[in-house]
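Visitor: prediction below, plus the sequence it came from.
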Amino acid sequence: MSEERVLIGIIGGSGLYALDNLTVLRTVNPLTPWGHPSAPITIASLPSGTQIAFLARHGHGHTIPPSSVPSRANIAALKSLGVAAIISFSAVGSLREEISPGSFAIPSQIIDRTKGVRKGSFFEDTSVVAHAMFGDPFSSKLTGWLAPKVEKALEEEGKGKKLFTDKTVVCMEGPAFSTRAESVMYRQWGGDLINMSVLPEAKLAREAELSYALICMATDYDSWRPQSDAVTAHDVFQVLHDNSATAKLVLSKILDDLQADLIADGVKESLLQEVGGMKFSIMPRSVKQKQEDRDKLAYILPAYFSDLEDAVNFSPYP
Ligand SMILES: CSC[C@H]1O[C@H](OP(=O)(O)O)[C@H](O)[C@@H]1O
Ligand SMILES: Nc1ncnc2[nH]cnc12
């Protein structure tokens, strides 16, 4: 398959609305069966020629609150462009003293504290039932690949920012921040970080068989520290700017390597381990499944739902 396919998707969260020093090739705004993404997606090229797709989760100008992010359209749109791996960024609160604001973290687990108001599955409202495997909600191969590279990039930046791995992120509904009691409770539950964005994004990436990793940038200590004021949006904004500069630097140092490893022979067994993962998650075909629903799902999973011959030849691998 052509190396020009856009394999890497970047989702920018609060404070990360665009990437610098890239050549913008075009912007696209695919109309998916779940609507348009949060914002037009920028297809940009690194100096090496590596192309990436960048999407601002909250829209340009940050107009979309966490509960209203069109995550299904976002993931479906990235998949439609040929993206195979997503690196998603999130501004998070820290639930641990050692994860000071400015620190970076790549979590391995999620605790779901959203309230059921977000559409959380591509299969919702269809006649097709599926249960994605989600015990390990992030791509362990992609997070394992990222960790040493991000750590090295942070060291090279020289600002003393640390990277934490194997952490648990609590995803709350918002938009108000947690109460002090909730914040203390999340710590007791084993939460290390807190945001409002990783769900259903991570679940949808899994359903679309995309490798997905989250890079968290701590902006505050949430509200569990008895001696400190409870978090405010102002606290978050103060740290966002510096964090997003670091995120851009990290990306500039790792994207070419990621592209190379995604297209390297044999890597499909590792970095893209999610491909094929839905095979045993979807209930067997039944006459009760509506054709229109199968057609809709073919947008993200052509290998299982497209009745066209093309589907046989569709390769999710680069
Ligand atoms: C601006 S504070 C709360 C807001 O920030 C985080 O956004 P994102 O994950 O997109 O960086 C958090 O999840 C909340 O949506
Ligand atoms: N304390 C916090 N709670 C939820 N989301 C956040 N994003 C940044 N800080 C946060």
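Guide: Arrived safely, thanks for sending. Numbers count the residues shown, from 1 in each chain. Ligands and ions are numbered 1, 2, ... in the order given.

Visitor: give me the average confidence score over stretch 244-254.
Guide: For stretch 244-254, mean pLDDT is 95.

Visitor: mind checking how far it is from the chain centre?
Guide: 16 Å (Cα atoms, centre = their mean, to the nearest Å).

Visitor: Ser139 and Pro302, how far apart?
Guide: Look at Ser139 and Pro302: by Cβ to Cβ, to the nearest Å, they are 20 Å apart. Quick note: C-beta positions are derived from backbone N, CA and C, even for glycine.

Visitor: those two: which has the busier surroundings?
Guide: Taking other Cβ atoms under 10 Å, Ser139 and Pro302 do not tie; Ser139 has more neighbours (26 against 18).

Visitor: check the more buried one and give its pLDDT.
Guide: Ser139 is assigned 97 on the pLDDT scale.

Visitor: quick one, strands of the protein?
Guide: Secondary structure of the chain (DSSP state E): strands at 8-12, 23-28, 41-45, 51-56, 85-94, 104-113, 163-172, 193-195, 211-220.

Visitor: looking at the ones you listed, spot the one closest to Lys79.
Guide: Lys79 lies closest to strand 8-12 among the strands of the chain, at 8.5 Å (Cβ to Cβ).

Visitor: and the closest one, what's buried?
Guide: For strand 8-12, the neighbour count (16 or more other Cβ atoms under 10 Å) marks 8-12 as buried.

Visitor: find the closest residue to ligand 2 in the chain.
Guide: Per Cβ to the nearest ligand atom, Gly93 is where the chain lies closest to ligand 2, at 2.3 Å.

Visitor: burial check on that residue, number of neighbours?
Guide: Every residue meeting other Cβ under 10 Å relative to Gly93 is counted, giving 29.

Visitor: that one: what's it in contact with?
Guide: Listed by Cβ atoms under 8 Å, 6 or more residues apart in numbering, the contact partners of Gly93 are 177-178, 183, 193-195, 218-222, 231.

Visitor: tell me which of these has the lowest pLDDT.
Guide: Val231 (88).

Visitor: any idea how far Trp224 is from it?
Guide: Note on Val231: its distance to Trp224, by Cβ to Cβ, is 10 Å.

Visitor: get me the contact residues on this protein for ligand 2.
Guide: 91-93, 172, 177, 194-196, 219-220, 222, 231, 236 (Cβ under 6 Å from any ligand atom).

Visitor: most distant residue from the middle of the chain?
Guide: Val287 (34.5 Å; Cα atoms, centre = their mean).

Visitor: just want the most central residue of the chain.
Guide: With distances taken as Cα atoms, centre = their mean, the residue of the chain nearest its centroid is Ser88 (3.6 Å).

Visitor: separation between that residue and Asn195?
Guide: Plainly put, Ser88 is 10 Å away from Asn195 if you go by Cβ to Cβ.

Visitor: need the overlap of contacts for these two.
Guide: With contacts defined as Cβ under 8 Å, 6+ apart, the residues shared by Ser88 and Asn195 are Gly13.

Visitor: give me the pLDDT value at the nearest residue to Val83 once chain neighbours are set aside.
Guide: The shortest distance from Val83 to any non-neighbouring residue, by Cβ to Cβ, 6 or more residues apart in numbering, is to Gly9 (3.8 Å). Looking at Gly9, its pLDDT stands at 98.

Visitor: understood, closing this out.
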